[in-house]
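Asker: dropping a prediction and its sequence here:
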Amino acid sequence: MIFRDLREWMEQVDKIGELRTLTGVHWDLDMGRVTDIVSHREGAPTVVFDEIPGYPKGFRVLVNFFGSWNRLAMLMALPVPDTPLDLVKAWRAKLKEPKLIPPKVVKDGPILENVKQGKDIDLLAFPVPRFRLQDGGRYIGTGSITITRDPEEGWVNLGTYRVMLHDATTLGFYISPGKHGRIHREKYLARGEPCKVAISFGQDPQLFLASSVEIPYKVEEYQFVGGLKGEPIDVIEGEYSGLPLPARAEIVIEGEAIFNEKRDEGPLGEWTGYYASGKRPEPIIKVKRLYYRNDPIITGVSAGRPPSASSRTVSINRAAMIWDELEKAGVPDVKGVWCHPAGGARLFTVVSIKQRYPGHARQAGMIASFCHAGAYTGRYVVVLDDDIDPSNTDDVIWAMTTRSDPQGDIEIIRRCWSTPLDPMIRKGQPPLNSRAIIDACRPYEWLDEFPDVSSFPPEELQDAMKRYGKQLFP
């Protein structure tokens, strides 16, 4: 399915019966309650809030982009999968040789329907949600993309970082240490130069997909999404920042990050399911330009306790990337990788292998934990034999409890890259954590002696299902 922007994607989602519109839902907490329901229910529809109390009809908020495997496959330009692992395999094949198409600079686009500057800028004119009671304020940027340019090398990054609404012209934005946008911001600070930033608060969901997952350093998300679509993304050079703005976005601001003036940012219910990191002074953005379409749409993501729609999305991408990086590192016979959505797609990774030599399982576990896609905020990596589907939680737990012994099969690595969002990091402590590598493969040195599994081979069960399934499950 081809779509150029959020509205065309919404039309496609409506055609498959997965779009709902709710009216009269208040921006303060009530919208968050509905979002919590749909984002934690697999297969739930995309929801658009309209006629929001206190705001004009047509000023909308959209949530739950990725609530079904159907919609996720659509965004990844892949066929609808039979299983989540099928989607990992297909996405991995696409990532192996990504087609990169540079964006096309244009002079006009829907985003220029309304252009404001100076005293005319008023971000309070939009129905910005406060998702949860404990949130430190209203967050306009949760399903957003932040656009920055590396001051030394010139490449453009799109990243998803949380953006808090302070007042009509001031935003706060938190970026976790080590993220590409944070690196850009720190480079400007070190050079004593202003850090110009653009942020889109409603856009083509493929742009959001690319901005919210691990894309390799220096690979530009605009080019990656152009490759997904098979045609370039139209961008407009920002009047203030010179940054490329999505020409068909819903709402975009340009501004400058101010380092010497900070305001309290947070807390926000994060992807771990906790209010870790709390509230702290963070740099602000002073908004210099505001662009928006007629009847604009804010795209929102309220992650909260996983599994959620967003963690399912990240699980596919990270599993595919870790699988690819394992093979690039020389680990043979990797049969599957899964980053469990219940661990926020980061804290619990499962790898299945066909064991070829002593130490094969430990090698796979170590690399999965510390490769590019696996290094940030990991916790547990479990390595299993190839008869286990890593995306089947029951099978994984069965293998862990019957093929591993805690005394000899768990390795602990300390002082690893984490984040203040980690609930296990005490306030004021450095963002470091430990990792557990669990070898749940049958012991290599006595594979031939290990008891046989009391089950039928999968192909025999599939054949029986074909013959009798309709009678058993009409």
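Answerer: Arrived safely, thanks for sending.

Asker: show me which positions of stretch 83-100 end up buried.
Answerer: 84-92, 95 (16 or more other CB atoms under 10 Å). For the C-beta atoms, the positions are set from N, CA and C on the backbone; glycine is no exception.

Asker: ok, and for stretch 32-50, which residues are buried?
Answerer: 32, 34-36, 38-40, 44-50.

Asker: give me the lowest-pLDDT entry from the residues you listed.
Answerer: When the buried residues of stretch 32-50 are compared by pLDDT, His40 scores lowest at 83.

Asker: and the residue lying closest to that residue once chain neighbours are set aside, what does it touch?
Answerer: Closest residue in space to His40, ignoring its immediate chain neighbours: Ser308 at 5.6 Å, by CB to CB, 6 or more residues apart in numbering. Residues near Ser308 by CB atoms under 8 Å, 6 or more residues apart in numbering: 39-40, 271, 341.

Asker: in helices only, show me these.
Answerer: Ser39 (DSSP state H).

Asker: tell me the two of the contacts of Ser308 that are most distant?
Answerer: Within the contacts of Ser308, His40 and Trp271 form the most distant pair, 12.6 Å apart (CB to CB).

Asker: tell me the secondary structure of Gly143, please.
Answerer: coil (DSSP: H, G, I helix; E, B strand; the rest coil).

Asker: identify the bridge partners of the closest residue to it other than its chain neighbours.
Answerer: Using CB to CB, 6+ apart and skipping residues adjacent in sequence, the residue nearest Gly143 is Thr299, 3.7 Å away. Thr299 has these beta-bridge partners by DSSP bridges: Leu62.

Asker: list the buried ones in stretch 326-333?
Answerer: Those buried within stretch 326-333 under the rule 16+ other CB under 10 Å are 326, 331.

Asker: just how off-centre is that stretch within its chain?
Answerer: Averaging C-alpha positions (CA atoms, centre = their mean, to the nearest Å) puts stretch 326-333 25 Å from its chain's average.

Asker: C-alpha coordinates for whatever helix or strand Gly336 lives in, CSV please?
Answerer: For Gly336, the element it lies in under DSSP states H and E is strand 334-339. C-alpha atoms of strand 334-339 as CSV (Å, rounded to 0.1, in the frame of the first residue of the first chain):
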residue,chain,number,x,y,z
VAL,A,334,21.4,-18.4,14.3
LYS,A,335,17.8,-19.7,13.8
GLY,A,336,15.8,-16.9,15.4
VAL,A,337,15.9,-13.8,17.6
TRP,A,338,13.1,-12.3,19.6
CYS,A,339,13.1,-9.1,21.8
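
Asker: what strands flank it, and is each parallel or antiparallel?
Answerer: strand 348-353 (antiparallel).

Asker: can you pull out the helices in this structure?
Answerer: Under DSSP H, the chain gives helices at 6-15, 30-39, 69-75, 84-96, 180-191, 205-212, 221-229, 309-328, 360-370, 393-403, 406-409, 458-472.

Asker: nothing else from me, thank you.
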